[in-house]
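*Asks:* Could you work out the structure for the sequence below:
(one chain, ligands or ions: 1)
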Amino acid sequence: MKFFIDTANLDQIKEAQALGILDGVTTNPSLMAKEGITGQDNILKHYVAICEAVDGDVSAEVISVDFEGMVKEGEALAALHPQIVVKIPMIKEGVKALKYFSSKGIKTNCTLIFSAGQALLAAKAGATYVSPFIGRLDDVSTDGLNLIQEIRLIYDNYAFDTEILAASVRHTMHIIDCAKIGADVMTGPLSAITGLLNHPLTDIGLAKFLADHKKGN
Ligand code: E4P
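*Replies:* Okay, the predicted model is just below:
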């Protein structure tokens, strides 16, 4: 399973990259605003800085909600850096844009996926990635992992190339469960990724090994 980090914070991106396990980055307009990145020039510069900090795909989201606008914005984003993946919302105009970018060989990430039907449409339109938001489904008492399972089944039935990018991951168990189901990618915060490191028996065991080594020397 590929690991993407879901942030626009350069320090966190660099920390995950330094771990050696990072495969890419996802951003969205809210994450950019959270870092105080505003104004088109600054936003574009920040995408380039993220691309230069990681090896792998970097999702950059369009703001337009009409086909022509999405195409114009997406082409400008894709021209910024070869690692850019154009992030397109799951709306009717977005499906047309996915098809357009797919025909041009430009990578896409179809975002705001909350149903298996939406994921099926995105795959038929040639999306590179689909992003089902599992945490936001859990937030409204709907099993987000069940959606990952449904999409996995559908994509396997028809051998779709579209990769399932489990998004809105909130904690370590989301990552482990997505890996069990067979999501191709997960994107989550640094805390969920580094949370995988932790086990009290590891800490106890290491402390004992070091103490025993000290006794013997
Ligand atoms: C995915 O690409 C989104 O940026 C993200 O995972 C949304 O997560 P949230 O529900 O924690 O905001």
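*Asks:* Show me the strands in this protein, by range?
*Replies:* 2-6, 24-26, 57-61, 84-89, 108-113, 129-132, 163-166, 185-188 (DSSP state E).
*Asks:* who wins for proximity to Asp212 among these?
*Replies:* strand 2-6 (34.4 Å; C-beta to C-beta). From N, CA and C alone the C-beta is placed, and that goes for glycine too.
*Asks:* which ones are touching the residue nearest to Ala78 when sequence neighbours are not counted?
*Replies:* In this structure, Ala78 finds its nearest non-sequential neighbour in Ile106, 4.8 Å apart by C-beta to C-beta, 6 or more residues apart in numbering. With C-beta atoms under 8 Å, 6 or more residues apart in numbering as the criterion, the residues that contact Ile106 are 74-75, 78, 86.
*Asks:* what about Ala123, how many residues close to it?
*Replies:* Ala123 is flanked by 21 other residues according to other C-beta atoms under 10 Å.
*Asks:* Just put the contacts of Ile106 in a markdown table and tack on neighbour count.
*Replies:* Shown next, in a markdown table, are those (neighbours: other C-beta atoms under 10 Å):
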| residue | neighbour count |
| --- | --- |
| Gly74 | 26 |
| Glu75 | 14 |
| Ala78 | 19 |
| Val86 | 25 |
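*Asks:* can you redo the residues you listed as TSV with pLDDT and distance to the ligand?
*Replies:* As requested, the contacts of Ile106 are exported to TSV (pLDDT from 0 to 100; distance: C-beta to the nearest ligand atom, whole Å):
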residue	pLDDT	distance to the ligand
Gly74	98	16
Glu75	98	21
Ala78	98	17
Val86	98	13
